[in-house]
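>>> return atomic coordinates for the entry below.
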Amino acid sequence: MAGDSSPIILWYRRDLRVSDHPALHAACESGRPVTPVFICDDLVDGLGAAPKWRLGLGLEHLAGTLKDKGSRLILRRGKALEVLRTLIKETGAGAVYWSRLYDPDSVSRDKTIKSTLKEDGIEAKSFGGHLMFEPWTVETKTGGFYKVYTPFWKMVRDRDVDSPLSAPGKIDAPGSWPASDDLDDWQLGAAMNRGADIVRPHVRLGEGAAQDRLGYFIDEIVSGYDSSRDRPDKDGTSNLSENLALGEISPHQCWHAGRRMMEEGKKGAETFLKELVWREFAYHLMHHTPRILTGNWKEDWDAFPWNNDERKSEVIAWKRARTGIRFVDAALREMYVTGRMHNRGRMIVASYLTKHLMCHWQIGLKWFEDCLIDWDPASNAMGWQWSAGSGPDATPYFRVFNPVTQLDKFDPDRAYVRHWIAEGMANPSDAALSYFEAIPRRWAISPDDSYPDPIVAADEGRKRALDAYENRNF
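This next block holds a predicted model:
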C-alpha cells in the first residue's frame, strides 16, 4: 500500500462544491496531494436530457472553482471501477474518497468499487454530505424505519446537525496531472436541443449562486414562508432544489441558516426546516424500500387499472401542456421554460395525470426525469407516488386536487396563469411566448392557436377517479 504522501483521488459525483464537503475536507487535511475527478459512466449517461445538461454546466463551473484553489477537475469516461484503477496506476494514488449516494444503482456500484479497491491495497472511503441524517441512523422505537413523515420529523427535528465545514484555502496539487477529457466532447447537453437556450437564463449556477439564493431567502422570504410557499404567483420559496440536487449547496448549510432564523422567532423558518426533512424522508424511504423508484410503494396498488399507454391522446396533451386546465398547463410550461416547477404546481400536475386522467404515475415520473434541472431520484419518486396515492401518505387515495379551486385559492388574480399561458392573451408575456421556443418543433403549437377545452373537466375527472378507487379493495 502506498505511503501517506501518495495522492488522494477525490471522486466528484452529485457534490459539486468545495465548501462543507467532508470528503474534500478530509483529503485536504491529510496534507497529501488531491486529484479531483469526475467520471462519466453508465449512470451519468442514463440521465434525462435536462438533468444531464445541467450537470454539464455544473461541472464546467466546478472546474473553474477548483482552478481558483490551485487545482483542476480531471474528466474521464468509462466504467467507474476501470477508470479509477487506471487513474491509480497513472498517478500513484493510494486512496479514493467520495461522497455517498443512496439510489440502489449507485450503492451497488460503490460497494463493488470499495471492496475491489481495498483488495487492491487502496484506501477507499465514502463520506456523508448529501444528507443530514444517514438513512440507517433514523429508526422507530421498535428498530424499523419510518413510513410516515410526521413521526420521522419529530424524531430528527432536535437532532444535532453537523456544522458546515469551511472551504479549503488551497488544494494541494499532485506533481503532475493525468490527462483529462474535454467536457465539450461529452455532449452532455445534446438532448436539450433548442430548449437549452431558453432554460439557460433561469439557471443559477454553482455554489456562489446557491449561497446567494439562500441568503436572499433568509433575509427576504423566510418570515412569510408558511403561506408564500404555496403561491406560484409570488416569489415565495427558496428555489434551492436546483442546487441541492447537484450538491452545489449542502443541506447542512441550509439547515443551520434556517435554524438560526427559527431561534430568532421567524415564523416560516420551522416550515423551511420541515421541507429540508421532507427531502431527507424521501432518501430514507429510497434506502429502505428502493422499489419506490420503479414500482408501487404500496404493493397492493399493483392491480390498479391505470393507463400505461404514453401514446394515448390525453397523455400527449398533458405532456404538451394543452390539457385545457390552466393550472396544469401553466405549471408544465414553467418547467419547459425554466427547468423547474413550483411545488404546488407539481402536486396539481401529478394529481391531474394520475387521478383525472387515470394514467400511471410512472409516465409522469419519467417525464419529469427528462425535463427537470432539479431532478432528484428520491424526491421525484416520492412526490409522484404521494400524489398518485400509491406512496407514503397518511391521507389515502381519496385526495384528488381540484385544479380549478386550487387555482382560485393559490393564484386568485390569475397572475401565474397569465405569466405562462399565451393563447387568447392580447399581450402575452415573454415567458409565455418562450414556451413555444423551448418545445420541439414537431409539436407544431403556436401562440396564435386557440386555447383548448379541458380534455377531462375537473369535476368529471374527480368522480371518475373516486369511482375507480372505491371499486377495488385496498
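>>> strands of the stretch 1-150 of the chain, residue ranges please.
Taking DSSP state E, counting those that start in this stretch as the criterion, the stretch 1-150 of the chain contains strands spanning 8-12, 34-40, 74-77, 95-99, 123-127.
>>> I'd like the ones you listed written out as CSV, with distance to residue 411 and mean neighbour count added.
The way it works is simple: take the backbone N, C-alpha and C, and place the C-beta from them, glycine included. Compiled in CSV, those are given as follows (distance: least, C-beta to C-beta, whole Å; neighbours: other C-beta atoms under 10 Å):
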stretch, distance to residue 411, mean neighbour count
strand 8-12, 40, 26
strand 34-40, 41, 24
strand 74-77, 44, 19
strand 95-99, 39, 23
strand 123-127, 43, 17
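>>> okay, these in a markdown table with distance to residue 275 next?
Shown next, in a markdown table, are these (distance: least, C-beta to C-beta, whole Å):
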| stretch | distance to residue 275 |
| --- | --- |
| strand 8-12 | 26 |
| strand 34-40 | 29 |
| strand 74-77 | 34 |
| strand 95-99 | 22 |
| strand 123-127 | 24 |
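>>> which one of those lies nearest to residue 386?
When the strands of the stretch 1-150 of the chain are compared by C-beta to C-beta, strand 95-99 sits nearest residue 386, at 26.8 Å.
>>> give the other helices and strands that that closest one contacts.
Applying 3 or more C-beta pairs under 8 Å, 6 or more residues apart in numbering; DSSP states H and E, one finds that strand 95-99 contacts strand 8-12, helix 22-29, helix 104-119, strand 123-127.
>>> out of the ones you listed, which is closest to residue 243?
When the helices and strands packed on strand 95-99 are compared by C-beta to C-beta, strand 8-12 sits nearest residue 243, at 15.1 Å.
>>> in its sheet, what does the closest one sit against?
If you go by DSSP bridges, strand 8-12 pairs up with strand 34-40 (parallel), strand 95-99 (parallel).
>>> so which bits of the strand or helix carrying residue 467 are buried?
Residue 467 is part of helix 458-470 when elements are defined by DSSP states H and E. Residues of helix 458-470 classed as buried by neighbour count (16 or more other C-beta atoms under 10 Å): 458, 461-462, 464-465, 469.
>>> what's the closest of those residues to residue 14?
Nearest member of the buried residues of helix 458-470 to residue 14, counting by C-beta to C-beta, is residue 465, at 35.6 Å.
>>> ok so, going back, any idea which of the buried residues of helix 458-470 the model trusts least?
Taken together, the buried residues of helix 458-470 show their lowest pLDDT at residue 469, with 77.
>>> wait, doesn't it sit right on residue 389?
Yes. Judged on C-beta atoms under 8 Å, residue 469 makes contact with residue 389 at a distance of 7.4 Å.
>>> how far away is residue 364 from residue 156?
From residue 364 over to residue 156 the distance is 29 Å, taken as C-beta to C-beta, to the nearest Å.
>>> actually residue 468, sorry about that
Relative to residue 156, residue 468 is positioned 36 Å away (criterion: C-beta to C-beta).
>>> give the buried residues for stretch 289-302.
290, 292-293, 296-298, 301.
>>> out of these, list just those in helices.
Of the positions in the buried residues of stretch 289-302, not one sits in helices, assigned by DSSP state H.
>>> which one's more surrounded, residue 364 and residue 156?
Higher neighbour count among residue 364 and residue 156: residue 364, with 25 against 19, using other C-beta atoms under 10 Å.
>>> for the more buried one, what are its contacts?
Applying C-beta atoms under 8 Å, 6 or more residues apart in numbering to residue 364 gives the contacts 349-350, 353-354, 384.
>>> I'd like those residues as TSV, with secondary structure, pLDDT and neighbour count appended.
Listed next are those as TSV, based on DSSP: H, G, I helix; E, B strand; the rest coil; pLDDT from 0 to 100; neighbours: other C-beta atoms under 10 Å:
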residue	secondary structure	pLDDT	neighbour count
349	helix	97	30
350	helix	96	23
353	helix	96	27
354	helix	94	26
384	helix	96	26
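>>> any buried residues in stretch 277-288, and which?
277-287.
>>> which residues touch that stretch?
Contact with stretch 277-288 is made by 102-104, 131-133, 135-136, 138, 145-147, 149, 152-153, 156-157, 244, 251, 292-293, 297, 376-379, 381-383, 392, as judged by C-beta under 8 Å, 6+ apart.
>>> of the residues you listed, which belong to helices?
Per DSSP H, the subset of those in helices is 104, 149, 152-153, 156, 244, 251, 377-379, 381-383.
>>> reformat those residues as JSON lines; add pLDDT and distance to residue 216.
Converted to JSON lines, the ones in helices among the contacts of stretch 277-288 look like this (pLDDT from 0 to 100; distance: C-beta to C-beta, whole Å):
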{"residue": "104", "pLDDT": "97", "distance to residue 216": "36"}
{"residue": "149", "pLDDT": "94", "distance to residue 216": "27"}
{"residue": "152", "pLDDT": "96", "distance to residue 216": "29"}
{"residue": "153", "pLDDT": "97", "distance to residue 216": "26"}
{"residue": "156", "pLDDT": "97", "distance to residue 216": "26"}
{"residue": "244", "pLDDT": "98", "distance to residue 216": "16"}
{"residue": "251", "pLDDT": "98", "distance to residue 216": "18"}
{"residue": "377", "pLDDT": "97", "distance to residue 216": "28"}
{"residue": "378", "pLDDT": "97", "distance to residue 216": "26"}
{"residue": "379", "pLDDT": "97", "distance to residue 216": "22"}
{"residue": "381", "pLDDT": "97", "distance to residue 216": "30"}
{"residue": "382", "pLDDT": "96", "distance to residue 216": "27"}
{"residue": "383", "pLDDT": "95", "distance to residue 216": "25"}
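>>> from these, which two are the most distant?
Farthest apart among the ones in helices among the contacts of stretch 277-288 by C-beta to C-beta are 104 and 153. That separation is 24.8 Å.
>>> is residue 372 in contact with residue 339, as I believe?
Yes. Counting by C-beta under 8 Å, residue 339 is a contact partner of residue 372 at 6.4 Å.
>>> shared neighbours, those two?
Common contact partners of residue 372 and residue 339 (C-beta under 8 Å, 6+ apart): residue 50.
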